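*Asks:* quick one, fold the following:
(2 chains)
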2 protein chains.
Amino acid sequence: MTMTQSPVRNGVDTATLFATLDAVKQAPEAARFQFRAQNRWVSGTHSQSTIDGFFGVGEERAHEAPTTVDVDHPKVLVGSDNAPTPVEYILHGLAGCLTAGLANIAAARGVELTEVTSTVEGDIDLNGILGLDDGVRNGFQQIRVSFSVKGDAPADKLRALVEQSRARSAVFDIITNTVPVTIEVEAG
Amino acid sequence: MTMTQSPVRNGVDTATLFATLDAVKQAPEAARFQFRAQNRWVSGTHSQSTIDGFFGVGEERAHEAPTTVDVDHPKVLVGSDNAPTPVEYILHGLAGCLTAGLANIAAARGVELTEVTSTVEGDIDLNGILGLDDGVRNGFQQIRVSFSVKGDAPADKLRALVEQSRARSAVFDIITNTVPVTIEVEAG
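*Replies:* Modelled structure (predicted):
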């Protein structure tokens, strides 16, 4: 570690990163977060979510600015194609999670990254969601992530950054393991 | 069904919806889709995905327009808060998927919706991704969806729309079940 010489590496403030880790070690309950999305149907398969407030480090918080993000189905699936599909946002979330972890881990290990790109592909057979074949699942059957990572470390060390990011990725866990989901409906 | 009287209901072209179902019944291989996100690291925990091309109904396709969507971590997690977190996009995808299905199913069942809103909350203990407690998972421990559905049908029928949407939701399946994910790295 060369924290005092280079506290910001890859755009990551490593001094604050390590201080945050130490603070959570002292007060593990600070790490309990709740994130949220508030969605409103627009028309057809088009809806819009607002992402703003969240809970963390013991109190209610908000992002610097609220974000609105649209979702729709493409025309070939009888949508209006105003925005990406729900499943494409899952692929985006996976790429974003693995990449953020990679940058943090690289900074902590003293690796300067120069370029990180990835393509995430998900295969889905719509015979599932269309209810035409009960033997076909509704969601992705397989997801493939292809990373290209460039930086000032040997290839093996760069690969190890991706592996450690995978091992600590929230979204990788959500997708590859099971999360209980409850749904309540107020109807009228 | 009153398709001839009202082919568009809830913004859903029901005639085309049923025609699409019939077409896929005749040619099940048309339902094999591949969706993608292409991500580029910006700085720190900030990255950006482009969502554009996909494969479906036997050929390579693209959305009406490409969408770029950013992702970051909040400042309290040593990010720059340029955009929502990866896990918030998962919640957004879940809301969008359930809501799109709801509108389609309502249209197919002859129910006119007037308002659909939902809040999706995900609980996460960051002792997992911070590597501070091996007994804590990286991803969400629990997700809660709260729908408010208004339309020209009794409450029981409106609730049944949500239940059928859940039963055929791609994102609900991805989150509540397991999806295999492979990661390849080109490093140098």
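*Asks:* what helix or strand is the most centrally placed residue in chain A located in?
*Replies:* Most central in chain A under Cα atoms, centre = their mean is A:G93, positioned 3.1 Å from the mean C-alpha point. If you go by DSSP states H and E, A:G93 is part of helix A:86-108.
*Asks:* for the next helix or strand after that helix, which strands pair with it and how are they oriented?
*Replies:* Sequence order places strand A:113-125 as the next helix or strand after helix A:86-108, per DSSP H and E. Next to strand A:113-125 in the sheet, as set by DSSP bridges, lie strand A:142-151 (antiparallel), strand B:32-43 (antiparallel).
*Asks:* what residues sit buried inside the next helix or strand after the shortest one?
*Replies:* Spelled out, that is strand A:142-151. Counting by DSSP H and E, the next helix or strand C-terminal to strand A:142-151 is helix A:155-167. Within helix A:155-167, the residues scored as buried using 16 or more other Cβ atoms under 10 Å in any protein chain shown are A:K157, A:L158, A:R159, A:A160, A:L161, A:V162, A:Q164, A:S165, A:R166. In short, each C-beta sits where N, CA and C put it, glycine included.
*Asks:* need the contact list for the second one.
*Replies:* Listed by Cβ atoms under 8 Å, 6 or more residues apart in numbering or on different chains, the contact partners of A:L158 are A:V111, A:V149, A:K150, A:G151, B:V185, B:A187, B:G188.
*Asks:* surely the fourth one and A:V111 touch.
*Replies:* Which is A:G151. Yes. Under the criterion of Cβ atoms under 8 Å, A:G151 makes contact with A:V111 at 5.3 Å.
*Asks:* returning to that earlier point: redo the buried residues of helix A:155-167 as a markdown table? Include distance to A:S43 and pLDDT.
*Replies:* Shown next, in a markdown table, are the buried residues of helix A:155-167 (distance: Cβ to Cβ, whole Å; pLDDT from 0 to 100):
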| residue | distance to A:S43 | pLDDT |
| --- | --- | --- |
| A:K157 | 50 | 98 |
| A:L158 | 46 | 98 |
| A:R159 | 46 | 98 |
| A:A160 | 48 | 98 |
| A:L161 | 44 | 98 |
| A:V162 | 41 | 98 |
| A:Q164 | 44 | 98 |
| A:S165 | 39 | 98 |
| A:R166 | 39 | 98 |
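*Asks:* okay, the residue nearest to the centre of chain A and A:D22: tell me how far apart.
*Replies:* Per Cβ to Cβ, to the nearest Å, A:G93 is found 28 Å from A:D22.
*Asks:* grab the nearest non-local neighbour of A:A100.
*Replies:* Leaving aside its chain neighbours, A:A100 sits nearest to B:T45 (3.7 Å; criterion: Cβ to Cβ, 6 or more residues apart in numbering or on different chains).
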